[in-house]
Each structure stands twice: as structure tokens, then as C-alpha cells.
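>>> Attaching a predicted model along with its sequence, questions to come.
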Amino acid sequence: MDIITIIIISIALAMDAFSVSITKGFTLKNITKMQILWFGIFFGGFQALMPLLGYISGSQLEQFVKSITPWIAFLLLLFIGLKMIYDSLKEDEEDIKENTNKNTNENINKNINENENKIYTKISKDKFSFKELTLLAIATSIDAFAVGVTFAILKTPIIIPILFIGIVSFILSEIGIIIGQKIGHFFGNKFEIIGGIVLVLLGFKILLEGIGIF
């Protein structure tokens, strides 16, 4: 397999991770440079690991893998996306309640405490999570497992492809996070709902492609 083909495959496999990275870039408000680096490491690492595992598993798992991987990716992205939408809508409800009561003198102290709790909750919600990052990395790299199985069937040496796949995914994930941060600064908190919708739609896309509708 020539280098151009490997690069094309690498970019194609990295597109889901790129999309998710943009989403997380505009929903995580307090992310550090080290945490941005972790996104690249996890997405690039899992994208490189999955085809290696698929290659080792060999052709005997080909049909089984193709049948279940779209469903696993779909369920993971659906869960994370719906959770993001729910959290954002819940925050909007709290804002409405707060605005209803904030002008009454008898609730001044109560509003101060609620604001403090809200700020603490928002910081916690926007906090970087290794658990969520792991789930996202798995969900966006499962299709790479099937690619690894294909490499095994074609008797293609695996080392060069997984290096390219991992590096390309790392780079595009880092770029995606940075783009997401820029977008988030312009449009604010409502992007968490949009981000959740993007993940849900991405899950449906992977599922429909996996079962042969697209």
C-alpha cells in the first residue's frame, strides 16, 4: 500500500475525532494547554491502537467487527451528546428561576448563595474529564479496528499505517480543539447544546454508514 493511500485513510479516520475536538473546544471553557495535549494523545493513541488490535485479531473477526462497531460508537456518542444537551437545558432553567427572584429584597442572600453554587457547578461541569475523553476516543476510533482487520486480510504491514493514523489524528484533534475555542468565544454558552446535537448526529451518521444505508 502506497503512502498517499495511507495518508488518505489516516485523514478519513481522523475526521470523527476532528469533529468531536471542535465540539469539546467550544464547550470546555477552562481547558489548559496540557489538557488540550491530552486530547491529541488520547485521540491519536486510540486511533493508532485500534487498527493494531484489528490487525492482530485477523480476518476471522471481520464480519463480527463490522456488525457491532457502528452500534458501539453510536451508543457512546448518543449518551455523551444527550448528556451535554441535558446539562445545558438544566442550566437554562436555573437561569430563568434566578432571574425571576433576583429583584426581590427578601431573596437577596438566597440569590447570592445560589450564584455561588451555580458558579461552582458550572466550573465543575466544564472541567476536563479523562473518563469522558476515553469514551470519546473509543467511540471515534472503533472504525479503525475494522481497518486493521482489512490490513491483515490484505497482508499489509501495519507499522507505517498506524504511525500515520496516530500522528494525523493527533494533529487534527489539536487543531479541532483550537478551532472550537475560537468559535466558542464568539457564540458563548449555547454552543453546548449545538455540541451535543453534533455528537448525536455524528453517532447516527456512523450507525447508518455501518449498516449500509449511506
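Yes, it's here.
>>> roughly how far apart are the closest residue to Gly54 other than its chain neighbours and Val168?
Among residues not flanking Gly54 along the chain, Gly148 sits closest, at 2.5 Å (Cβ to Cβ, 6 or more residues apart in numbering). Where C-beta positions appear, they are placed from N, C-alpha and C, glycine not excepted. For Gly148, the distance to Val168 equals 15 Å [Cβ to Cβ, to the nearest Å].
>>> helices or strands up against the helix or strand harbouring the residue nearest to Gly54?
Using DSSP states H and E, Gly148 maps to helix 130-153. Contact partners of helix 130-153 among helices and strands, from 3 or more Cβ pairs under 8 Å, 6 or more residues apart in numbering; DSSP states H and E: helix 3-27, helix 33-57, helix 62-101, helix 159-187, helix 191-210.
>>> residue ranges with poor pLDDT in the protein?
59-66, 91-126, 184-192, 195, 214 (pLDDT under 70).
>>> What's the local residue count around the residue nearest to Glu209 when sequence neighbours are not counted?
Closest residue in space to Glu209, ignoring its immediate chain neighbours: Pro70 at 7.0 Å, by Cβ to Cβ, 6+ apart. Neighbour count for Pro70, taken as other Cβ atoms under 10 Å: 21.
>>> Could you tell me how many residues sit around the nearest residue to Phe204 once chain neighbours are set aside?
Using Cβ to Cβ, 6+ apart and skipping the chain neighbours, the partner closest in space to Phe204 is Phe74 (6.8 Å). Applying other Cβ under 10 Å, we find 22 residues neighbouring Phe74.
>>> next one: Leu163
So Leu163, with other Cβ under 10 Å, has 13 neighbours.
>>> Tell me who's in contact with the closest residue to Leu52 other than its chain neighbours.
Nearest non-adjacent residue to Leu52, counting by Cβ to Cβ, 6+ apart: Ile162, 5.3 Å away. The contact partners of Ile162, by Cβ atoms under 8 Å, 6 or more residues apart in numbering, come to Ala48, Leu49, Pro51, Leu52, Gly148.
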